[in-house]
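Engineer: Need a 3D model of the sequence below.
(4 chains)
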Number of protein chains: 4
Amino acid sequence: MEEVNVHWYVEDVSAHSCEVAVAGLPGVGHVGKLVVDHLIRSLNAVKVAEITSTYFPPQMYLSEDGVLRFPRNEIYFAAASEDRPAMLFLAGDCQSVGPEGHYKLGEAYVKVFSLLGVHRIYTLGGYGVGRLVEHPRVLAGLSHVSLKEAVVEAGAVANGVEPVGGIIGAAGLLITYGRLSGMEGVALLGETSGYLVDPVSSTAVLDVLEKLIGFTADRTELSKLAEEMQADLSAITSSLQQNSADDLRYIG
Amino acid sequence: MEEVNVHWYVEDVSAHSCEVAVAGLPGVGHVGKLVVDHLIRSLNAVKVAEITSTYFPPQMYLSEDGVLRFPRNEIYFAAASEDRPAMLFLAGDCQSVGPEGHYKLGEAYVKVFSLLGVHRIYTLGGYGVGRLVEHPRVLAGLSHVSLKEAVVEAGAVANGVEPVGGIIGAAGLLITYGRLSGMEGVALLGETSGYLVDPVSSTAVLDVLEKLIGFTADRTELSKLAEEMQADLSAITSSLQQNSADDLRYIG
Amino acid sequence: MEEVNVHWYVEDVSAHSCEVAVAGLPGVGHVGKLVVDHLIRSLNAVKVAEITSTYFPPQMYLSEDGVLRFPRNEIYFAAASEDRPAMLFLAGDCQSVGPEGHYKLGEAYVKVFSLLGVHRIYTLGGYGVGRLVEHPRVLAGLSHVSLKEAVVEAGAVANGVEPVGGIIGAAGLLITYGRLSGMEGVALLGETSGYLVDPVSSTAVLDVLEKLIGFTADRTELSKLAEEMQADLSAITSSLQQNSADDLRYIG
Amino acid sequence: MEEVNVHWYVEDVSAHSCEVAVAGLPGVGHVGKLVVDHLIRSLNAVKVAEITSTYFPPQMYLSEDGVLRFPRNEIYFAAASEDRPAMLFLAGDCQSVGPEGHYKLGEAYVKVFSLLGVHRIYTLGGYGVGRLVEHPRVLAGLSHVSLKEAVVEAGAVANGVEPVGGIIGAAGLLITYGRLSGMEGVALLGETSGYLVDPVSSTAVLDVLEKLIGFTADRTELSKLAEEMQADLSAITSSLQQNSADDLRYIG
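Structural biologist: Below is the predicted model:
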């Protein structure tokens, strides 16, 4: 096995060419992963390629049938429909263990996107703010300033200050490496506590993504997850308020 | 010294060919190591090869005669007998220090197994559950779904959910790399606390292994260790119950 | 992307040749970075080259226009004026993540300096002392003992004992690698607490640097930062004294 | 700079050939370093070679004249005298940062020893026992069992059990790599607390080394250090006893 390995699952790569790619790998709040995994399922996207790497953790994953497999990242293809352009998705189990692997893998993914004719990359992720966020904003990082107007119109924040500290991992590297290969790119990070898997933030990110690409995703599954989480947050909040009231009574 | 080095101890490799290999390297509870070290001794297996590696810790081991040696993994061969097929064993001092080494070493071991004609790999290990387990289950990961029936019949759990988080290190990598080289593989992880060397869990793993391979191992040494540990656990448990009773008396 | 990449921003490298280079990368108290960033701005230095590296953190930085970029180090050129020689500056976002990268990057920077005709390197940094320092001393490390007299005359300490433990990272490596390429070098470390970004220490370092090079820098911005920090320190100190007085009263 | 670099300081390597090499690099209690640094000074040994490496910490050292230099290991040569054979010494600032570097450096040192005609390597170090040791034993690890008798006769322990856990770093690797190049080797580890630089343990190690090589070293400096430390230990011990007595009084 090489440091980074691409296994193609389709014979005719050109038949899966696509202008738009959307990446959502595991990260803060699994915000990006939730969106992309959801889109892959709801659009019945087909697997185009699989990436394995010695930069991934040496942790073999268990499939539902009890079979072990290498940790992997995958590229899926959803053909165009009447009301939606064709799209590629980058999803997977993990990111690199160390810093060097992030660079190597980011570069490899852009090379694959290049072979598949991608002109625009959207990377989705979370931005941890250390507190519960009821109405998460979506913070954007761009490959070119020309994309700013559209991104802001779609509801994201592109103020050149947030996300403070920039963007760590694949969500950032795909944008910068993509630009070197002539691709436009937009990173969309949903605000999230950083403590919980966060479908509410994922929904906010999907809102912006839909407007930018021009399509409407089925949201059954994601909405259900988000409602459950909102209910949990309300329970937590009211419990905290109750505790606070109890405290006052105790003092009084 | 190369990153991974194989030193052959036999001239005629083909004379030590063998369909079945059993791996038990150090890991959680030393569950796999205890079984394989025990089998090597009780079957008088002979050393076929030794692996050294710059991925191993830079810690030289002391032999009984005061002589220092490199940390190593070893491959042993036990010839077939009337009631037992020939078997290879992978045993040793340690696993890789970092993630990359796990991949490199896993690949190297499978290459050696391939030279030795192995068709089936069993990897043995422990799965830490963070509490004392009186009757440990054995959780399985498979190379092929076709192995599931036999594995469950032999007493292991192969529910596609456990071990939660998959399998880290050689016990997992030998199964996935083995499959790439056309080998079947079964990983057997005995539940264990994760705090102690655990011969009880080792015994549970050996039970399953015996049924899968079709042989009966001498267990004198392993049983003695397991009995001692069961006695220790009983002592700890009754001491904890006593403490708990003391606490109640105190409150009462 | 290679491990270390140099992107030239000027066609005619020889037109930006320069005997003196001043390096101030992020480090303890950002002492060196504050000085060099300030000089680049106040002297309207122009960018000559940019260095990217897979040894840098995989963290993409956000520009003011919302555009993402690779983490980078940069080389700037300020042409000579009536009262100042031409100067090169090495500035940037970060240093290497791991130890090997420090060596590789240090070597690469000196190669670039060599192409640009540099004969003398000044590296600026901080030396953490674990307490607030009102009048920070500047501790020097030299490439050649022949530089000692001038350095001491300029106000620095070159006693061969301090900085205790030597100099970690680029501030030290540029001096030793520079010597291998025939360059003289002086590392100037301002004492600093190690807890805070420290413009007071930066000012002390700039004092020494000016005397060594023979120029007078505009200090508007740096002085303002330093005054603000001195005010903060006075506030902290008087608050600590007040607390201490409170403590005495309590005891008495 | 390569990963490991050897700079020769002598033109005629064969004139510095030597059967015996003694290594004492920094480690637990600096036990080995104290002995070897002392021998280099008291025997007026001359520098034969210097090793630098990107595996060393990126920390430039300050010389007494204020000049910075790379971290290094050094090889010194002491010519034979009437009552002493010629000896080589390996001394230095540091060992490798990571595990791989330990292997690479160990191999490189043995190659240099091989060029210099070495047949026997002594490596000196400390073995941390976590408590103050008044009369430290010296624990030995051997390249060949044939050395055991002489080592025990010289006063060391070679029981095949201690040092428990073997020997980490250069003190162990020089013995195992040396054997691969046909050299005999003895590692001598003095028991030490692990908390303090320990000249008492160094003296115990030197006692054994002298008997094995057959020479008597000047000990002025080392004895002075050891006496100072014994006095310190006595002070600490009596202070602890006083505290203990105070405790009793308090209770009584």
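
Engineer: what number of residues lie near the residue in the stretch 101-250 of chain A that chain D sits nearest to?
Structural biologist: For the stretch 101-250 of chain A, the residue closest to chain D is A:G101, as judged by CB to the nearest CB, at 16.2 Å. Quick note: C-beta positions are derived from backbone N, CA and C, even for glycine. By other CB atoms under 10 Å in any protein chain shown, 21 other residues sit near A:G101.

Engineer: Excluding chain neighbours, what is closest to the closest residue to chain D within chain A?
Structural biologist: Going by CB to the nearest CB, chain D is nearest to A:G98 of chain A, at 12.0 Å. Nearest residue to A:G98, sequence neighbours excluded (CB to CB, 6 or more residues apart in numbering or on different chains): A:Y55, at 6.8 Å.

Engineer: All the helices of the stretch 101-250 of chain A, in order from the start?
Structural biologist: Under the criterion DSSP state H, counting those that start in this stretch, helices of the stretch 101-250 of chain A are mapped to A:148-153, A:170-180, A:199-213, A:220-251.

Engineer: Just give the closest residue to A:G169, not the sequence neighbours.
Structural biologist: A:Q95 (5.3 Å).

Engineer: For that neighbour, give me its contacts.
Structural biologist: Residues counted as contacts of A:Q95 (CB atoms under 8 Å, 6 or more residues apart in numbering or on different chains) are A:L25, A:P26, A:G27, A:H102, A:L105, A:G169, A:A170.

Engineer: mind redoing it with 6 Å?
Structural biologist: A:L25, A:G169, A:A170 (CB atoms under 6 Å, 6 or more residues apart in numbering or on different chains).

Engineer: related to what we said a few turns ago, neighbours of the residue of chain A closest to chain D, how many?
Structural biologist: Neighbour count for A:G98, taken as other CB under 10 Å: 15.

Engineer: Same check on A:E11?
Structural biologist: By other CB under 10 Å, the residues close to A:E11 number 6.

Engineer: A:A78 now?
Structural biologist: The number of residues near A:A78, taken as other CB under 10 Å, comes to 23.

Engineer: A:R84 now?
Structural biologist: Residues contacting A:R84 under the criterion other CB under 10 Å number 17.

Engineer: Show the contacting residues for it.
Structural biologist: Contacts of A:R84 (CB under 6 Å, 6+ apart): A:F215.

Engineer: Likewise for A:S143?
Structural biologist: A:I175, A:R179, A:E184, A:G185.

Engineer: so the first one sits right up against A:L189, yeah?
Structural biologist: No. Under the criterion of CB atoms under 6 Å, A:I175 makes no contact with A:L189, lying 11.4 Å away.

Engineer: Quick check: of the contacts of A:Q95, which lies closest to chain C?
Structural biologist: Nearest to chain C among the contacts of A:Q95: A:G169, at 6.0 Å, using CB to the nearest CB.

Engineer: Quick check: closest non-adjacent residue to A:I213.
Structural biologist: Spatially, and ignoring its direct neighbours in sequence, A:I213 is nearest to A:V20 (6.2 Å; CB to CB, 6+ apart).

Engineer: again with A:R131
Structural biologist: Among residues not flanking A:R131 along the chain, A:S193 sits closest, at 6.1 Å (CB to CB, 6+ apart).

Engineer: got the phi/psi numbers for the one you found?
Structural biologist: The phi/psi pair for A:S193 (degrees, to the nearest 10) reads phi -60, psi -40.

Engineer: same deal with A:D83?
Structural biologist: phi -110, psi 30.

Engineer: Can you get me a residue count around it?
Structural biologist: 8.

Engineer: and chain A, which of its residues are near chain B?
Structural biologist: Contact residues (CB under 6 Å from any CB of the partner chain) of chain A with chain B: A:54, A:57-62, A:64-68, A:70, A:97.

Engineer: Now list the buried members of the residues you listed.
Structural biologist: Among the residues of chain A next to chain B, those scoring as buried are A:T54, A:P57, A:P58, A:Q59, A:M60, A:Y61, A:L62, A:G66, A:V67, A:L68, A:F70, A:V97 (criterion: 16 or more other CB atoms under 10 Å in any protein chain shown).

Engineer: Is the last one in a helix, a strand, or coil?
Structural biologist: Think A:V97. For A:V97, the assignment made with DSSP: H, G, I helix; E, B strand; the rest coil gives coil.

Engineer: ok, it touching B:P99?
Structural biologist: Yes. With contact defined as CB under 6 Å, A:V97 reaches B:P99; the gap is 4.8 Å.

Engineer: Write out the residues of chain A neighbouring chain C.
Structural biologist: A:99-100, A:102-103, A:141-142, A:145, A:148, A:158, A:160, A:166-168, A:172, A:175-176.

Engineer: Most neighbours out of those, which is it?
Structural biologist: For the residues of chain A next to chain C, the largest number of neighbours (other CB under 10 Å) sits with A:G141, at 31 neighbours.

Engineer: okay, that residue: pLDDT?
Structural biologist: As predicted, A:G141 sits at a pLDDT of 98.

Engineer: can you tell me which residues contact it?
Structural biologist: A:G141 makes contacts with A:I167, A:A187, C:L62, C:L68, as judged by CB under 6 Å, 6+ apart.

Engineer: partner residues bridging it?
Structural biologist: Beta-bridge partners of A:G141, counted by DSSP bridges, are A:A187.

Engineer: Can you tell me how far it is from A:V129?
Structural biologist: Separation of A:G141 from A:V129 (CB to CB, to the nearest Å) stands at 16 Å.

Engineer: and if you look at A:G106?
Structural biologist: A:G106 is 25 Å from A:V129, where distance means CB to CB.

Engineer: returning to that earlier point: just flag the most distant two among the residues of chain A next to chain C.
Structural biologist: Spanning the widest gap among the residues of chain A next to chain C are A:E100 and A:K148, at 31.6 Å by CB to CB.

Engineer: what about the stretch 101-250 of chain A, any weak spots by pLDDT?
Structural biologist: Within the stretch 101-250 of chain A, the stretches with pLDDT under 70 are A:239-250.

Engineer: switch to 50 and redo it
Structural biologist: Flagging of the stretch 101-250 of chain A using pLDDT under 50 yields the residue ranges A:247-250.

Engineer: and the closest residue to A:W8 other than its chain neighbours, bridged to which residues?
Structural biologist: In this structure, A:W8 finds its nearest non-sequential neighbour in A:A49, 5.2 Å apart by CB to CB, 6+ apart. Beta-bridge pairing for A:A49 (DSSP bridges): A:W8, A:I75.

Engineer: Count the neighbours of A:A49 for me.
Structural biologist: Counted by other CB under 10 Å, the residues lying close to A:A49 total 22.

Engineer: what's near enough to touch the closest residue to A:I121 other than its chain neighbours?
Structural biologist: Excluding its sequence neighbours, the residue lying closest to A:I121 (CB to CB, 6+ apart) is A:G185, at 4.2 Å. Neighbour list for A:G185: A:I121, A:S143, A:I175, A:G178 [criterion: CB under 6 Å, 6+ apart].

Engineer: For the residue in the stretch 101-250 of chain A positioned nearest to chain B, list the residues it contacts.
Structural biologist: When scored by CB to the nearest CB, the stretch 101-250 of chain A has A:G101 as its residue closest to chain B, at 8.9 Å. By CB under 6 Å, 6+ apart, the contact set of A:G101 is A:Y55.

Engineer: hmm, try it at 8 Å
Structural biologist: A:E3, A:S53, A:Y55, A:F56.

Engineer: Among the residues you listed, which ones are in helices?
Structural biologist: In helices, defined here by DSSP state H, there are no members of the contacts of A:G101.

Engineer: a markdown table for these, including neighbour count, distance to B:V10 and pLDDT?
Structural biologist: Shown next, in a markdown table, are the contacts of A:G101 (neighbours: other CB atoms under 10 Å in any protein chain shown; distance: CB to CB, whole Å; pLDDT from 0 to 100):
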| residue | neighbour count | distance to B:V10 | pLDDT |
| --- | --- | --- | --- |
| A:E3 | 14 | 33 | 96 |
| A:S53 | 25 | 35 | 97 |
| A:Y55 | 24 | 36 | 97 |
| A:F56 | 23 | 35 | 97 |
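
Engineer: Alright, I will stop here.
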